[in-house]
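*Asks:* Test case, fold it:
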Amino acid sequence: MREFIIGLALCERGRVAVEFAIIVPVLVVLTLGAVDYGAAANVATKLDSAARAGAQYGLNHPADTCGIAAAVLNATNASGLANVSNFAIKVFQGPSTSTDVTACSSATAPVAYYCTCTDSGATATNCSTGTCTSPAYKTYYVGVSVSATYKPTIAIATLPVTHATGLPASSGFSMSGSAVIAFQ
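*Replies:* Prediction:
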């Protein structure tokens, strides 16, 4: 019996198969995680590009809020966002004030631009009636924010919590992109 146990301990037949069986699941999980991380980074880049497309449209048409929303939607449809829900488009009416224009109608569309005086930093002023003290001047801004919830393609059941937010993988991650462009 003792010789049999020693013989098993010294036998190397099947060792490679056991090592392979241990390593492959780890490599598969790491590879799928890297692919999913890349897909999430791709969505974030597309949201930034869509916000930039809306802001660039707003440079020529700052009062056309629905046109800005349409430019954002055209950019996202052209780029083919996948695994995204809760899509929202907002335009800024001040440095920290925004309005959702995802379902834009021309009757309720807010103004999509705001002004600041160069001497007051980020304090918004009325674009029509506001005055700036000399030598300061008004700077006009058009700003667009696009947000969505990205749901990972691969939900790993053995990892109940993912991401720094502590959210379950099934609920997804909130992602956003924004662009603010100054014009005179």
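
*Asks:* Neighbouring strands - and their directions - for the lengthiest strand in the chain?
*Replies:* Looking across the chain with DSSP state E, the single longest strand is strand 138-150. Its sheet considered, strand 138-150 pairs with strand 84-94 (antiparallel), strand 113-117 (antiparallel), strand 173-183 (antiparallel) by DSSP bridges.

*Asks:* Please, which helix or strand holds residue 5?
*Replies:* helix 2-10 (DSSP states H and E).

*Asks:* elements contacting that helix?
*Replies:* Using 3 or more CB pairs under 8 Å, 6 or more residues apart in numbering; DSSP states H and E as the contact definition, helix 2-10 packs against no other helix or strand. Heads up, the C-betas are built off the backbone N, CA and C, glycines and all.

*Asks:* so whichever helix or strand comes after it versus strand 138-150, what angle?
*Replies:* Remark: after helix 2-10, the chain's next helix or strand is helix 15-60, criterion DSSP H and E. Put simply, helix 15-60 runs at 150 degrees to strand 138-150, going by axes from the mean of the first three to the mean of the last three CA atoms, to 10 degrees.

*Asks:* could you say what helices and strands helix 15-60 packs with?
*Replies:* Using 3+ CB pairs under 8 Å, 6+ apart: helix 15-60 touches helix 65-79, strand 84-94, strand 138-150, strand 173-183.

*Asks:* buried residues in the third one?
*Replies:* Put plainly, it is strand 138-150. Buried residues in strand 138-150, counted by 16 or more other CB atoms under 10 Å: 141-150.

*Asks:* so where's the chain uncertain?
*Replies:* 8-9, 11, 82-83, 105-111, 120-123, 134, 155-171 (pLDDT under 70).

*Asks:* Now with 50, please.
*Replies:* By pLDDT under 50, the weakly predicted segments of the chain are 157-167.

*Asks:* Next, the contact list for residue 104, please.
*Replies:* 65-66, 69-70, 89 (CB atoms under 8 Å, 6 or more residues apart in numbering).

*Asks:* 6 Å instead, please
*Replies:* For residue 104, the contact set (CB atoms under 6 Å, 6 or more residues apart in numbering) comprises 66, 69.

*Asks:* Which strand or helix spans it?
*Replies:* According to DSSP H and E, residue 104 maps onto no helix or strand at all.

*Asks:* Report the separation between it and residue 72.
*Replies:* Residue 104 sits 10 Å away from residue 72 when distances are taken as CB to CB, to the nearest Å.

*Asks:* so who does the residue lying closest to residue 181 once chain neighbours are set aside touch?
*Replies:* Leaving aside its sequence neighbours, residue 181 sits nearest to residue 55 (CB to CB, 6 or more residues apart in numbering; 4.7 Å). Shown in contact with residue 55 (CB under 6 Å, 6+ apart): 142, 144, 179, 181.

*Asks:* Need these in TSV (columns: distance to residue 43).
*Replies:* As requested, the contacts of residue 55 are exported to TSV (distance: CB to CB, whole Å):
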residue	distance to residue 43
142	24
144	17
179	16
181	22
